[in-house]
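Student: Mind looking at a prediction? Sequence and model below.
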Amino acid sequence: MLHFDSPDEKWLDFVSDNRAGEYIGDSYDFIYGPVADDDVYTTFTLYTAGVLSKEQTIDALKVKKLYNQLVLASEKALSSLKFIGTVPEEEF
């Protein structure tokens, strides 16, 4: 499992490399950490264009409200899921 506690340099490198299709590191079954969603897209765009430095990008991301996500990144991870039922419509 790969776990990121915050948007730090290691997280930025991992997300940037994956978005560019250039990640060549280890494979993981589970990846947990801040979501790099549309809310941070502009910041990433400025970073990849060379407008922001790595330090400026990390600083900009730390002031945003980032939510965590758990990525199941392999068949092994997916096989750990177990369907336990549905929620009746009236409970929504």
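Tutor: Now that the structure is in, tell me what you want to look at.
Student: spatially speaking, which residue is in the middle of this protein?
Tutor: Val35 (4.1 Å; CA atoms, centre = their mean).
Student: Next, give phi and psi for it.
Tutor: Val35 adopts backbone torsions of phi -80, psi 130, taken as degrees, to the nearest 10.
Student: Asn68 is in contact with that one, correct?
Tutor: Yes: with contacts counted by CB atoms under 8 Å, Val35 reaches Asn68, the gap being 6.8 Å. C-beta coordinates here come from the backbone N, C-alpha and C atoms, glycine included.
Student: re the thing from before, quick check: chain neighbours aside, which residue is closest to the residue nearest to the centre of the chain?
Tutor: In space, Val35 comes closest to Gln69 once its chain neighbours are excluded; the distance is 4.6 Å by CB to CB, 6 or more residues apart in numbering.
Student: next helix or strand past the stretch of helix or strand that neighbour belongs to?
Tutor: In this assignment (DSSP states H and E), Gln69 forms part of strand 68-72. Counting by DSSP H and E, the next helix or strand C-terminal to strand 68-72 is helix 75-78.
Student: buried sites along that following helix?
Tutor: Within helix 75-78, the residues scored as buried using 16 or more other CB atoms under 10 Å are Ala77.
Student: Mean confidence (pLDDT) on that helix, please.
Tutor: Here helix 75-78 scores 95 as its mean pLDDT.
Student: Run through who's touching that helix.
Tutor: Asp29, Phe30, Leu72 (CB atoms under 8 Å, 6 or more residues apart in numbering).
Student: Now that the last one has come up, it's in contact with Tyr32, right?
Tutor: No: under the criterion of CB under 8 Å, Leu72 is not in contact with Tyr32, lying 10.3 Å apart.
Student: joint contacts of the two?
Tutor: Joint contacts of Leu72 and Tyr32 (CB under 8 Å, 6+ apart) do not exist.
Student: can you pull out the helices in the protein?
Tutor: With helices called from DSSP state H, the chain shows them at 9-19, 41-48, 54-62, 75-78.
Student: Let me know the angle separating the lowest-mean-pLDDT helix or strand in the chain from helix 54-62.
Tutor: Among the helices and strands of the chain, helix 41-48 carries the lowest confidence by mean pLDDT, DSSP states H and E, at a mean of 89. Helix 41-48 and helix 54-62 are oriented at 170 degrees to each other (axes from the mean of the first three to the mean of the last three CA atoms, to 10 degrees).
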